[in-house]
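1. Output the structure for:
(one chain, ligands or ions: 1)
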Amino acid sequence: MKSHTAYLTFNTAERCEIINITSKVEEELAKSGIKEGLCLVNAMHITSSVFINDNEPGLHSDFLEWVEKLAPYSADGYKHNLTGEDNGDAHLKRTIMGREVVVAVTGGELDFGPWERIFYGEFDGQRAKRVLVKIIGE
Ligand code: ZN
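-> Below you'll find the predicted structure:
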């Protein structure tokens, strides 16, 4: 069995942002040389997400507005912020949007459904944060 590990770094301009990272994951798959296997992609920080959905800008706005309604930013509105942080909302947003995705690798390609793409969801950005890509197979 072969394996390939990569760490992608993102430093978003905005505090909350959604980035299409599909092509970056595909680059790692090409480097791996793996044709049949599994590709794990996970956020390494507890205030950001990796998820699969549609590459449609209106939907991305909908996601950001939805999580803001569920867990609005508030410097003093969360018990977590008693630690001195201000990102209680971002931990909750991350949990809603998910930590990781696993995509099958078939014939050397990510075996997506017709509209599936991989996104990085940032909820406490403007600093360097990492995403792990681990691909295993033959
Ligand atoms: Zn925190």
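
2. tell me the secondary structure for the residue nearest to Ser74 when sequence neighbours are not counted?
-> Closest residue to Ser74 apart from its sequence neighbours, by C-beta to C-beta, 6 or more residues apart in numbering: Asp89 at 6.4 Å. Where you see a C-beta, it was placed from the backbone N, CA and C, and this is true even at glycine. At Asp89 the chain is in helix, as set by DSSP: H, G, I helix; E, B strand; the rest coil.

3. got the residues of this structure near the ion?
-> Residues of the chain lying near the ion by C-beta under 5 Å from the ion: Glu85, Asn87.

4. thinking again about what came up before, was I right to think the residue nearest to Ser74 contacts Tyr73?
-> Yes - using C-beta atoms under 8 Å, Asp89 is in contact with Tyr73, at 4.9 Å.

5. More neighbours: the two, which one.
-> Asp89 (25 against 17; other C-beta atoms under 10 Å).

6. gap between that one and Ile34?
-> Going from Asp89 to Ile34 by C-beta to C-beta, to the nearest Å gives 38 Å.

7. ok, now Ile136?
-> Taking C-beta to C-beta, one finds Ile136 at 7 Å from Ile34.

8. Please enumerate the shared neighbours of these two.
-> Here Ile136 and Ile34 share the contacting residues Lys2, His4, scored by C-beta atoms under 8 Å, 6 or more residues apart in numbering.

9. Can you check which helix is longest in the protein?
-> Ordering each helix of the chain by length in residues (DSSP state H) puts helix 57-70 first.

10. which residues are contacting it?
-> If you take C-beta under 8 Å, 6+ apart as the criterion, helix 57-70 is touched by Cys16, Ile18, Asn53, Leu92, Lys93, Ile96, Met97, Phe119, Gly121, Phe123.
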